[in-house]
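In: Got a sequence here, can you model it:
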Amino acid sequence: MSEFPSEPKSGNNVIAHLLDQLRRHPKRVVFTEGEDIRVIEAASRLVKEEVVAPILLGNRERIRAMAAEHSISLKFVHIIDPPLASDFGLFCQRVENMDRYRDRQLGKPEEIVARPHYFGSLMVQYGQADAVVGGNQAMPAAYFRALLHTIKPLPNVPRIFGVSVLVGPHLTHLGGSGILLLADSALIPNPDVNELASIAVETGKLAMHFLGRKPHVAMLSHSTKGSAGTPDARRMAAAASLAQAEVLKNFLEIDIEGELQADVALDASAAEVKLPGADARPSADVLVFPNLDAAHIALKLLQHVAGAQTYGQFIMGLSRPAAQVPRTASVQTIFGTAVAIAVEAIKFHQLYPDGEV
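Out: Okay, the predicted model is just below:
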């Protein structure tokens, strides 16, 4: 279990803490879209920090030419061109075996495996990399599709979902430790009660791993504790109750509360006004949104208006660590996302030392 600093003064402190963990447990991260100068620069920085062994997928000569043009070192950066890889035939056979158990075939194995998203996902699924990062040049759906088709899902999670990790040291109420997790901000348009409860518990586990303490999860709504009796508000309250029961059943150190308005979840002074007589509560570390629209809009506003730094989208519910970065990602976002998902891979290896789920 990590011990996250309680009062980080800058976003760099967050990354510094994660880098410190990785220096003790370095991991292999495969980037599915390696023919991108941002990825090349981030990979070089990861090597320089001695925390990640980066693997770039793409045309070897093209990547080398791009690095040379920008004077970026590729020392200890591994480059794989999927169709020319030594494991290409093996992966084709495994895709063919997967298709035997599907109602709908993916297509010709050779064509599937040649696609970098699929090749990178297969590398992670079969233990040739510890985590995968992609999406910097592709539409999210293409990347998500490859992950869902090739990486085994966790049996206890109803549906795959996304968690955005945000840091904003200049923002007053951004999480109890200067880091805030938003879920689901990627995949499920309108999660039901069971899915919302699972999102709360699984994101709480992720926060606990990063923070090294009991995280506080808020189930968001336009209502606080019954102030509005709409079906959507009752749905969030029911999900909170279900998630709380799951936490108790599995003896998890996660605090889950809902339904809550965003200001009550994040600002103690607002909570005092709207919940008179209630115990003082810390700022939430995790925000669970009622639907994808609300989560995605909040994410973009925090990024582009409030200036919060995002470290990718963790794809939760898969049996291997995977993250997505947007096409607008900066080098820092790609670097930080790789660091964060590699730290998540530490937890995976602790839970499943033999690679089995």
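
In: next helix or strand past the worst-scoring helix or strand of the chain on mean pLDDT?
Out: In the chain, no helix or strand scores lower on mean pLDDT, DSSP states H and E than helix 11-24, which sits at a mean of 79. Later in the chain than helix 11-24, the nearest helix or strand by DSSP states H and E is strand 27-31.

In: Determine the set of other helices and strands touching that next one.
Out: Here strand 27-31 is seen to pack against helix 37-48, strand 52-57, helix 116-125, strand 131-134, helix 331-351 when contacts are counted using 3 or more Cβ pairs under 8 Å, 6 or more residues apart in numbering; DSSP states H and E. All C-beta spots, glycine's among them, are computed from the backbone N, C-alpha and C.

In: With just CA atoms, put that strand into PDB.
Out: Extracted C-alpha coordinates of strand 27-31, given in PDB (Å, rounded to 0.1, in the frame of the first residue of the first chain):
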ATOM      1  CA  LYS A  27       7.100  -1.900 -15.100                       C
ATOM      2  CA  ARG A  28       6.800  -2.500 -18.900                       C
ATOM      3  CA  VAL A  29       4.300  -0.200 -20.600                       C
ATOM      4  CA  VAL A  30       3.400  -0.600 -24.300                       C
ATOM      5  CA  PHE A  31       2.200   2.400 -26.300                       C
END
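
In: and the gap between residue 20 and residue 49?
Out: 10 Å (Cβ to Cβ, to the nearest Å).

In: So which of the two has more stuff around it?
Out: More neighbours surround residue 49 than the other of residue 20 and residue 49, with 16 against 12 (other Cβ atoms under 10 Å).

In: roughly how far apart are the residue lying closest to the more buried one once chain neighbours are set aside and residue 267?
Out: Once flanking residues are discounted, residue 49 sits nearest to residue 19: 5.7 Å by Cβ to Cβ, 6 or more residues apart in numbering. The gap separating residue 19 from residue 267 is 31 Å, by Cβ to Cβ.

In: ok, now residue 253?
Out: Residue 253 is 24 Å from residue 267, by Cβ to Cβ.

In: what do you get for residue 163?
Out: Remark: distance between residue 163 and residue 267 (Cβ to Cβ) = 22 Å.

In: now swap in residue 140 and tell me
Out: Distance from residue 140 to residue 267, by Cβ to Cβ: 32 Å.

In: ditto for residue 129
Out: For residue 129, the distance to residue 267 - Cβ to Cβ - is 41 Å.

In: Where does pLDDT dip in the protein?
Out: 1-13, 100-105, 277-278, 349-357 (pLDDT under 70).

In: can you list the domains in it?
Out: Taking automatic domain parsing as the reference, the chain has its domains at 1-152+318-357, 159-315.

In: The shortest one: end-to-end distance?
Out: So that's domain 159-315. End-to-end span of domain 159-315 (Cα to Cα, to the nearest Å): 11 Å.

In: for stretch 17-30, same thing?
Out: With Cα to Cα, one end of stretch 17-30 sits 22 Å from the other.

In: What is the burial count for residue 210?
Out: The burial count for residue 210: 24, using other Cβ under 10 Å.

In: Ignore what I typed, I meant residue 169.
Out: 17.

In: Could you say which helix or strand holds it?
Out: Assigned by DSSP H and E, residue 169 belongs to no helix or strand.

In: I'd guessed it sits against residue 179; true?
Out: No. Counting by Cβ atoms under 8 Å, residue 179 is not a contact partner of residue 169; they are 9.8 Å apart.

In: what residues are up against residue 321?
Out: 124, 130, 131, 132, 314, 341, 342, 344, 345, 348 (Cβ atoms under 8 Å, 6 or more residues apart in numbering).

In: Among the residues you listed, which one has the most neighbours?
Out: residue 132 (35 neighbours).

In: From residue 117, how far off is it?
Out: Taken as Cβ to Cβ, the span from residue 132 to residue 117 is 9 Å.

In: Mutual contacts of the two, please.
Out: In contact with both residue 132 and residue 117: 32, 147, using Cβ under 8 Å, 6+ apart.

In: ok, back up a step: got the contact list for the residue nearest to residue 49?
Out: 49, 51, 339.

In: Can you report how many residues lie near the nearest residue to the last one once chain neighbours are set aside?
Out: If I follow you right, that is residue 339. Distance criterion Cβ to Cβ, 6+ apart; nearest residue to residue 339, sequence neighbours excluded, is residue 18 at 4.9 Å. Taking other Cβ under 10 Å as the neighbour definition, residue 18 ends up with a count of 22.

In: got it, and residue 134?
Out: 28.

In: pretty sure it contacts residue 118?
Out: No. Counting by Cβ under 8 Å, residue 134 sits too far from residue 118 to count as a contact (10.4 Å).

In: where do the contact lists of these two overlap?
Out: In terms of Cβ under 8 Å, 6+ apart, residue 134 and residue 118 are both contacted by the residues residue 146.
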